[in-house]
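# generate a structure from the sequence data that follows.
(2 chains)
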2 protein chains.
Amino acid sequence: MTFSLTVSGSSSALPTKDRFPTAHVLNVHERLFLVDCGEGTQIQLRRLNETIKLSRLDNVFISHLHGDHVFGLFGLMSTLDLLGRKNDLNIYGPPLLGNVLDDHLKYFGENMAYKVIFHAVDPNDNQKIYEDKNVTVETIPLKHRIPTCGYLFRERMPPLNINKEAIGQYGLSTEDIVRIKDGEDYITPTGEIVPCRALTYYPYMPRSYAFCSDTTYSEQVAELIQGVDLLYHEATFLDEMRETAKQTGHSTAKQAAEIAKKADVGRLLIGHFSSRYDDSFLVNFEREARSIFPNTEIAEEGKTYQVREIN
Amino acid sequence: MTFSLTVSGSSSALPTKDRFPTAHVLNVHERLFLVDCGEGTQIQLRRLNETIKLSRLDNVFISHLHGDHVFGLFGLMSTLDLLGRKNDLNIYGPPLLGNVLDDHLKYFGENMAYKVIFHAVDPNDNQKIYEDKNVTVETIPLKHRIPTCGYLFRERMPPLNINKEAIGQYGLSTEDIVRIKDGEDYITPTGEIVPCRALTYYPYMPRSYAFCSDTTYSEQVAELIQGVDLLYHEATFLDEMRETAKQTGHSTAKQAAEIAKKADVGRLLIGHFSSRYDDSFLVNFEREARSIFPNTEIAEEGKTYQVREIN
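Prediction:
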């Protein structure tokens, strides 16, 4: 079962010649979730055509109303229409985004063949805002210059697998197996009750991904994302610019790593690099973060990361 | 004196993995004019940093309100602000663009340090809408599904040069030369009147560029752009799709060439190719257009074209 993240853009407010503004695509069991949508996202996604099938995208989550996180929505909505979309598109974000979308669709949505459904979230609260059979999504309050939240994706428990040995041992029929995998105990022909848990196992533990951009250093974030498998945390600056980071509502690579360490996450991805640093310089971000949290990587555009490897 | 065109995007409504939506940058005597601004334009312009200095851009012309011609404006306005712009930015386009900009700036323009000044143009009329000491700009009514106009840039007559021989022949002083170059006749010490035209010449004839996208085949366009040096005309389809072109308000490569021929232009650039054609296929557009108008080229992204070579 796929649970992966593809980075579409990893720049901050000013795109560079090499980096697009923020957008992440999560693939959860072959359904796509887009988190933030900076300008050019649809262009990046079309370049990643093999990985990203836009027909599988039904839900978009926007962290806040700075242009580098939202200006790609307009072109994406138009392109989905041109590609023949009929299904609703759900967009989640701070309340003001609803007004932005209403105004936009007044001019550009008249003949669109699908509906945009806006879901306002409270960026100051940690709430479950979405669920389906595979995943739940919660808001993570962040500390930025305007109301901003991250999003925490938690996979649900996977379906039970049956122990192969048990099938032979008890001579289980297909119907028995279906019932046991649904959680029922097994009753042998002699009336013995064999508990479900003795016959089954979970093929893997549920996985989780937290998206935290943009934010200053916030210990509350570390509490909310305890133990996630993959954390994306912004790292706009190196620690030598800690004061600038604080003033502009951003974090340094070191601070992102401190959050990862406190939250005891599996792996840290950092991104949202200031345009003052060109690509060749980003190794310094990695080095700084790894000095605190070794399992850190730079978010590379176009690259797909497994939330956690499972066998 | 520079008068050149840099193509930022040459795709039609759906961007492809290789092509951005429409945007052209004109350099007229080192001031920049942006014509249309599809999504990703600012990203392209930053890639062309050596050619395009955003501080030299004061005027933007939008042909119509389809997303692939306008969705890049939002990010561009934001980036100009982040780059420290203080000068007004003038935006010209159909009246409804004024409402779009008002609504947009309500959400995203609050702290912008420069002013956006919108100038409504009538897309159904051929009017002069802009002039400065180097250039005038006129609207060209086009025939598309919504109100749409092209833009015709005409360079003004260049300053007069003085004939070098005349300086020696009449022993002209620096003050004499300044007056003569300003258009005055020269009066010799003996009272002889030497007409200005006998002492001077224009170093080159004024150049002109017409931008025509999006439009069906329109003979009125050919009349309005008679003799321009460089014509950019959309060619969304090959002529085998002439009916689709007509229905969607677009042109074929052959039709673009027919307009170029009727208008007796110097050179034709074609672009706005449908996403159904990948880059390797575009040679067929060139071949089709050249069968009617040999001096045709494909608009290549990132490439700069001289409006006309001058010595």
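
# any idea where the helices of the stretch 151-300 of chain A begin and end?
A:164-170, A:174-181, A:196-199, A:219-224, A:242-248, A:253-263, A:283-290 (DSSP state H, counting those that start in this stretch).

# and chain B, which of the ones you listed is closest to it?
helix A:242-248 (11.3 Å; C-beta to the nearest C-beta). For the C-beta atoms, the positions are set from N, CA and C on the backbone; glycine is no exception.

# and the closest one with chain B, contact?
No: shown here: helix A:242-248 not in contact with chain B (C-beta under 8 Å from any C-beta of the partner chain), separated by at least 11.3 Å.

# so which of the helices of the stretch 151-300 of chain A is the most packed in?
For the helices of the stretch 151-300 of chain A, the largest average neighbour count (mean count of other C-beta atoms under 10 Å in any protein chain shown) is found in helix A:253-263, namely a mean of 24.

# contacts for that helix next, please.
A:212, A:216-219, A:221-223, A:225-228, A:231, A:233-235, A:237-239, A:242, A:245, A:251, A:268, A:270, A:284-286, A:288-293, A:295-296 (C-beta atoms under 8 Å, 6 or more residues apart in numbering or on different chains).

# would you report the backbone torsion angles of the residue in the stretch 151-300 of chain A positioned nearest to chain B?
At 8.6 Å from chain B, A:Ser275 is the closest residue in the stretch 151-300 of chain A, using C-beta to the nearest C-beta. Dihedral angles phi and psi of A:Ser275 (degrees, to the nearest 10) take the values phi -70, psi -10.

# got the contact list for it?
A:11-16, A:19.

# out of those, which sit inside strands?
Within the contacts of A:Ser275, no residue falls in strands by DSSP state E.

# ok, and of the residues you listed, which contact chain B?
Contacts with chain B are made by A:13-16 out of the contacts of A:Ser275, judged by C-beta under 8 Å from any C-beta.

# make CSV out of these and add neighbour count.
Below are those laid out as CSV (neighbours: other C-beta atoms under 10 Å in any protein chain shown):
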residue, neighbour count
A:Ala13, 23
A:Leu14, 18
A:Pro15, 24
A:Thr16, 21
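
# what's the farthest-apart pair in those?
A:Ala13 and A:Thr16 (10.8 Å; C-beta to C-beta).

# longest helix in chain A, by residue count?
helix A:96-108 (DSSP state H).

# give me the buried positions along the following helix or strand past it.
Beyond helix A:96-108 on the C-terminal side, the first helix or strand identified by DSSP states H and E is strand A:116-120. Residues of strand A:116-120 classed as buried by neighbour count (16 or more other C-beta atoms under 10 Å in any protein chain shown): A:116, A:118.

# please list the residues of the stretch 101-250 of chain A that sit near chain B.
Counting by C-beta under 8 Å from any C-beta, the stretch 101-250 of chain A sits next to chain B at A:103-104, A:106-108.

# turn those into CSV, including neighbour count and pLDDT.
What follows is these, written out as CSV (neighbours: other C-beta atoms under 10 Å in any protein chain shown; pLDDT from 0 to 100):
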residue, neighbour count, pLDDT
A:Asp103, 17, 97
A:His104, 21, 97
A:Lys106, 12, 95
A:Tyr107, 17, 95
A:Phe108, 20, 95
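
# how is chain A divided into domains?
What automatic domain parsing lists as the domains of chain A is A:3-158+A:202-306, A:161-201.

# so where do the strands sit in the stretch 201-311 of chain A?
Along the stretch 201-311 of chain A, counting by DSSP state E, counting those that start in this stretch, strands occupy A:208-212, A:230-234, A:267-271, A:296-298, A:304-306.

# no, scratch that, I was asking about the stretch 1-150 of chain A
Under DSSP E, counting those that start in this stretch, the stretch 1-150 of chain A gives strands at A:3-9, A:23-28, A:31-35, A:57-61, A:89-93, A:116-120, A:128-131, A:135-141, A:149-155.

# pairing partners for the shortest one, with directions?
The pairing partners recorded for strand A:128-131 under DSSP bridges are strand A:135-141 (antiparallel).

# and the strand it pairs with, average pLDDT?
For strand A:135-141, the mean per-residue pLDDT is 98.

# also stretch A:259-274?
97.

# one more: stretch A:88-97?
In this model, stretch A:88-97 carries a mean pLDDT of 98.

# ends of it, what's the gap?
17 Å (C-alpha to C-alpha, to the nearest Å).

# where are the low-confidence patches of chain A?
Judged by pLDDT under 70, chain A has no weakly predicted residues.

# isn't A:Leu34 right up against A:Val60?
Yes: at 4.5 Å, A:Leu34 counts as touching A:Val60 under the criterion of C-beta atoms under 8 Å.

# what sits in contact with each of the two?
Residues touching both A:Leu34 and A:Val60 by C-beta under 8 Å, 6+ apart: A:Leu76.

# buried ones in stretch A:302-311?
A:305, A:307-308.

# for stretch A:79-98, same thing?
A:79-81, A:85, A:89-94, A:97.

# which residue sits closest to A:Met1, ignoring its sequence neighbours?
A:His29 (5.2 Å; C-beta to C-beta, 6 or more residues apart in numbering or on different chains).

# can you verify my assumption that that neighbour contacts A:Arg56?
No: judged on C-beta under 8 Å, A:His29 makes no contact with A:Arg56 at a distance of 10.2 Å.

# next one: the closest residue to A:Tyr217 other than its chain neighbours from A:Thr236, what distance?
Counting by C-beta to C-beta, 6+ apart, A:Gln255 is the residue found nearest to A:Tyr217 once chain neighbours are left out, at 4.2 Å. Using C-beta to C-beta, to the nearest Å, A:Gln255 is found at 10 Å from A:Thr236.

# need the overlap of contacts for these two.
In contact with both A:Gln255 and A:Thr236: A:Ala245, using C-beta under 8 Å, 6+ apart.

# residues contacting A:Glu280?
No Glu there; residue A:280 is Ser. Contacts of A:Ser280 by C-beta under 8 Å, 6+ apart: none found.

# now do A:Tyr186
Each residue near A:Tyr186 by C-beta under 8 Å, 6+ apart is listed here: A:170, A:172, A:176, A:179-180, A:193-194, A:196, A:199.

# likewise for A:Leu57?
With contact set as C-beta under 8 Å, 6+ apart, A:Leu57 has these partners: A:25, A:32-34, A:80, A:89.

# dump the strands of the stretch 1-150 of chain A to TSV, plus distance to B:Phe153.
Shown next, in TSV, are these (distance: least, C-beta to C-beta, whole Å):
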stretch	distance to B:Phe153
strand A:3-9	34
strand A:23-28	36
strand A:31-35	39
strand A:57-61	40
strand A:89-93	40
strand A:116-120	38
strand A:128-131	50
strand A:135-141	50
strand A:149-155	47
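
# A:Pro189 is nearest to which of the ones you listed?
strand A:149-155 (37.6 Å).

# partners of that closest one in the sheet?
Here, using DSSP bridges, strand A:149-155 pairs with strand A:135-141 (antiparallel), strand A:208-212 (antiparallel).

# mean neighbour count, those strands: which tops it?
strand A:208-212 (a mean of 27).

# how about chain A, which residue sits the furthest from its center?
A:Thr190 (49.6 Å; C-alpha atoms, centre = their mean).
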